[in-house]
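Novice: My questions concern the predicted model and sequence given below.
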Amino acid sequence: MREAVAQVELIPVNQIRPIAATAEDEREFVQALLRKDRKATAEFVDRFAGAVHSFVHWRLSPSAQQVEDVVQEVFLEAWRSLPRYRGDSNLKAWLLGIARHKVQDHFRGALRQAEWDESVEASQVAPAAVENELMYRERSERVQAVLAELPEQYRVVLLWRYWESQSAASIGAAIGKTEKAVERLLARARAQFRARYGA
Amino acid sequence: MWDDQDFEQLARETTEAERPAAPSLKARLYTALIREQQASGPLEALTETRQHGRQLCVFEQLVTIAPMNSLQPVFYCQVCHARVLAERLDRPPIWWPHCPYAHFQ
């Protein structure tokens, strides 16, 4: 134990382990995961949790609990799908592909469950507060903050349509609505966003 | 101004910046993954993990010198206070080497 404690001074707790640099390294790493090597599993989480969390957080905030639940679903789905991983893309891109599917599942559920409330108007918005609070923030953070302030159905349809590049027709097909209905929702969402963004 | 094309451009120009995940989130993800792995069979034996060049924590090293090989696939972190602390705190008082929960900080 004394020896172990002595080593602590030489090994910073936040030390970053070498990442898989080549395709061969990555294949060996995947094999270690499939063997259920718990240290490789820890490295898998350490290497990719930031990317997956950032991706999901940007799209699902402000609900921190939903973000964490989806991030966990992404990692569990990755483990279940790992035997089918062929290495066509790097692990990070592959994981973000799973994250994109999970986020879209969430969008689908959110828009299906939501009452499509057409009474929410831009006049209820207080754009000045958002403008002042975010004056010095970067544009992406500002956009994210404005999206987070929108009613969920507006936030989701904007993210799904523009940030996930899905057409109104495909969104409509996924949630059992017509393209026209999605376009009307998008028009209201854009107006809400514009009013809050203050552009 | 602010029609379909404006939003498409805004989406292209704004997206997430990658930031580190909270250590407590990493700890919970790791535990959840290990439990999922256990659901389909035992974990890799610790001696095999060491043979593949991975370092073990002090408690895992103790397990490897125990006479019963059947103990090795057990997820000992399940009963370790390091896991409990790390899943709740972003700066848990864990300082021994090669503990994954310490590494997440």
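Specialist: Yep, that arrived.
Novice: tell me what the helix or strand harbouring A:Glu141 is packed against?
Specialist: Element membership for A:Glu141 (DSSP states H and E) is helix A:139-149. Judged by 3 or more CB pairs under 8 Å, 6 or more residues apart in numbering or on different chains; DSSP states H and E, helix A:139-149 is in contact with helix A:127-133, helix A:152-158, helix A:179-197. C-beta here means a position set from N, CA and C on the backbone, and glycine is covered the same way.
Novice: can you tell me if the longest one touches chain B.
Specialist: Put plainly, it is helix A:179-197. Yes - Helix A:179-197 is in contact with chain B by CB under 8 Å from any CB of the partner chain, via A:190, A:193-194.
Novice: Quick one, which of those are buried?
Specialist: The neighbour-count criterion (16 or more other CB atoms under 10 Å in any protein chain shown) marks A:190, A:193-194 among the residues of helix A:179-197 next to chain B as buried.
Novice: what about A:Ser54, distance to chain B?
Specialist: Using CB to the nearest CB, to the nearest Å, A:Ser54 is found at 5 Å from chain B.
Novice: Surely that residue is in contact with B:Glu18?
Specialist: Yes - A:Ser54 is within contact range of B:Glu18, at 4.7 Å (criterion: CB atoms under 8 Å).
Novice: who's more crowded, those two?
Specialist: A:Ser54 (20 against 12; other CB atoms under 10 Å in any protein chain shown).
Novice: name the element that one belongs to?
Specialist: Counting by DSSP H and E, A:Ser54 is part of helix A:38-60.
Novice: Who are the contact partners of the closest residue to A:Arg112 other than its chain neighbours?
Specialist: Counting by CB to CB, 6 or more residues apart in numbering or on different chains, A:Arg112 lies nearest to A:Ile175, which is 5.0 Å off, once chain neighbours are set aside. Contacts for A:Ile175 (CB atoms under 8 Å, 6 or more residues apart in numbering or on different chains) come out as A:108, A:111-112, A:182.
Novice: What does A:Ile175 show for phi and psi?
Specialist: phi -120, psi 10 (degrees, to the nearest 10).
Novice: what about A:Lys180, how many neighbours?
Specialist: Quick note: A:Lys180 (other CB under 10 Å) scores 11 neighbours.
Novice: And A:Asp88, by the same measure?
Specialist: 7.
Novice: Same check on B:Trp2?
Specialist: When neighbours are counted by other CB under 10 Å, B:Trp2 comes out with 14.
Novice: Now do stretch A:25-41: distance from first to last residue.
Specialist: Terminal residues of stretch A:25-41 are spaced 15 Å apart (CA to CA, to the nearest Å).
Novice: The most centrally placed residue in chain B is in what secondary structure piece?
Specialist: Among the residues of chain B, the one closest to the centroid is B:Tyr30, at 3.1 Å (CA atoms, centre = their mean). Taking DSSP H and E as the definition, one finds B:Tyr30 inside helix B:23-39.
Novice: which other helices and strands contact the helix or strand just after that helix?
Specialist: Remark: after helix B:23-39, the chain's next helix or strand is helix B:46-51, criterion DSSP H and E. Counting contacts by 3+ CB pairs under 8 Å, 6+ apart, helix B:46-51 is packed against helix B:58-64.
Novice: Give me the contact list for the helix it packs on.
Specialist: For helix B:58-64, the external contacting residues (CB under 8 Å, 6+ apart) are A:1, A:4, B:46-47, B:50, B:56, B:71-72, B:74, B:76, B:80, B:96-98.
Novice: Where does pLDDT dip in chain A?
Specialist: A:1-21, A:114-137, A:199 (pLDDT under 70).
Novice: make it 50
Specialist: Scanning chain A with the threshold set as pLDDT under 50 gives A:1-19, A:122-123, A:125-129, A:131-137.
Novice: Find the residue at the geometric middle of it.
Specialist: A:Val56 (1.4 Å).
Novice: Tell me how far that one lies from A:Phe107.
Specialist: Distance from A:Val56 to A:Phe107, counting by CB to CB, to the nearest Å: 12 Å.
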